[in-house]
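Novice: here are the coordinates; sequence isn't available:
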């Protein structure tokens, strides 16, 4: 069994660029205020969700391991 992730969007940082939806149309949606929301806050690890986080121009998407809470993105420095 693979890793499971917790995905969240910092709406105080999100600028509504829509890049997350472009990278992962099944993983994110924009609301009427153009704020991003993960469609599944708890999900299997996946390349499209990671690409969405990496492609966010303001790094508003946070991914942690569901078990243990270790950061996946952005990585700890």
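Specialist: Everything's here; your move. As the structure is a prediction and not an experimental result, all values here were calculated from the model. Numbering: from 1, shown residues only.
Novice: and the longest helix seen in the chain, how far from the chain's centre?
Specialist: Criterion DSSP state H: the longest helix present in the chain is helix 47-55. The chain centre lies 7 Å from the centre of helix 47-55; the measure is C-alpha atoms, centre = their mean, to the nearest Å.
Novice: following it, which helix or strand shows up next?
Specialist: strand 61-65 (DSSP states H and E).
Novice: beyond that next one, next helix or strand please.
Specialist: Sequence-wise, the next helix or strand downstream of strand 61-65 (DSSP H and E) is strand 71-73.
Novice: direction included, what does that next one pair against?
Specialist: Its sheet considered, strand 71-73 pairs with strand 61-65 (antiparallel) by DSSP bridges.
Novice: on that earlier part again, what's the angle from the longest helix of the chain to strand 61-65?
Specialist: 130 degrees (axes from the mean of the first three to the mean of the last three C-alpha atoms, to 10 degrees).
Novice: got the buried residues for helix 47-55?
Specialist: Of all the residues in helix 47-55, those buried under the rule 16 or more other C-beta atoms under 10 Å are 49, 50, 51, 52, 53. Glycine gets a C-beta too; all of them are placed from N, C-alpha and C.
Novice: show the pLDDT at residue 77.
Specialist: Reading off the confidence values, residue 77 has pLDDT 72.
Novice: quickly note the distance from residue 31 to residue 14.
Specialist: 10 Å (C-beta to C-beta, to the nearest Å).
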